[in-house]
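Chemist: generate coordinates for the sequence data below:
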Amino acid sequence: MFLKHRTEQTQLSRSLEKERHRAAENRQEYLAAKEEADTQECHANQLEAQIKELRQKHKEELQDALTHRELLQQEIEREKAARLDLERTAHVHSTSASDQTPIARSNSAFENGNLTRKLSTASSLGSMEESYYLQASLDTSDNLFERRNFGEATMSPYYMKSITPSAFESALRQKEGELASYMSRLASMESVRDSLAEEL
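Modeler: Below you'll find the predicted structure:
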C-alpha cells in the first residue's frame, strides 16, 4: 500500500514538473508574441505618422498648384485681351494711314523716317523686355508672385506698343504650355492622393 502511494506521488510530481515546464514555454511564447505585437504597433504608428505627413505635404503642393494654375489663367486672359487691343490698334493705324493723301504722306516722309527709327529702337527694347519676360515664365512656383507682378508690368502701354504680334503669340503659347504642364502635375498629385486614400 505504501509502495503504491509512493508511485502515485512520483507520477504526480512528474506531471506537475511537465506542467510547470509547459507553462514556462507558454509564458516565453506569450512574451515573444507580446514583444512582436508591440513592435508591429510601433511600426504602424510610424507609418500612420508618415502618411499624415505625406497627406499634409500633398495638400500644400496641391494648393500651390491650384494657385499657380489660377495665376497662369489670369495672365493668359490678360494677354489675350492685350492681343485684341494690339490688333485693334494696328487696324486703326492701318485705316488712318490709308486715308492720308499722297501730299500729306510726302510732307511727312521725313517725320515717318524718324518715327521708323524710334519704333525700331522701341522694338529692340521690347524684344529685350520680352526675353526677360519669357525667362521669368520658366521660374518655379516659388517665384509666382514675383512673376505675377512682372506680368502686370509687361502689360504697360509702352510694352504693348513695342512688342510685335509674332513675339506676343510666342509668349502666349509659352504661357499656355506652362499651364498644360501644371495641369498634368496637378492630375499626378491627385492620383497620388487617391492612392494614399486607398491604402488607408
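Chemist: what packs against the helix ranked longest in the chain?
Modeler: Of all the elements of type helix in the chain, the one with the most residues (DSSP state H) is helix 2-99. Counting contacts by 3 or more C-beta pairs under 8 Å, 6 or more residues apart in numbering; DSSP states H and E, helix 2-99 is packed against helix 144-153, helix 157-162, helix 165-199. Heads up, the C-betas are built off the backbone N, CA and C, glycines and all.
Chemist: now do that helix, average pLDDT.
Modeler: Averaging pLDDT along helix 2-99 gives 83.
Chemist: mean pLDDT lowest where, among the helices and strands packed on helix 2-99?
Modeler: When the helices and strands packed on helix 2-99 are compared on mean pLDDT, helix 144-153 scores lowest, with a mean of 43.
Chemist: buried residues in stretch 14-29?
Modeler: Under the neighbour-count criterion of 16 or more other C-beta atoms under 10 Å, stretch 14-29 has nothing buried.
Chemist: now do it: everything it contacts.
Modeler: Residues outside stretch 14-29 that contact it (C-beta atoms under 8 Å, 6 or more residues apart in numbering): none.
Chemist: can I get that stretch in CSV, CA atoms only?
Modeler: Taking Å, rounded to 0.1, in the frame of the first residue of the first chain, the C-alpha atoms of stretch 14-29 are listed here in CSV:
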residue,chain,number,x,y,z
ARG,A,14,6.5,14.3,-12.8
SER,A,15,3.1,15.5,-14.1
LEU,A,16,3.5,18.8,-12.2
GLU,A,17,7.0,19.2,-13.5
LYS,A,18,5.8,18.8,-17.0
GLU,A,19,3.0,21.3,-16.5
ARG,A,20,5.5,23.8,-15.0
HIS,A,21,7.8,23.3,-18.0
ARG,A,22,4.9,23.7,-20.4
ALA,A,23,3.7,26.8,-18.5
ALA,A,24,7.2,28.3,-18.8
GLU,A,25,7.3,27.6,-22.5
ASN,A,26,3.9,29.2,-22.9
ARG,A,27,5.0,32.2,-21.0
GLN,A,28,8.1,32.6,-23.2
GLU,A,29,5.9,32.3,-26.3
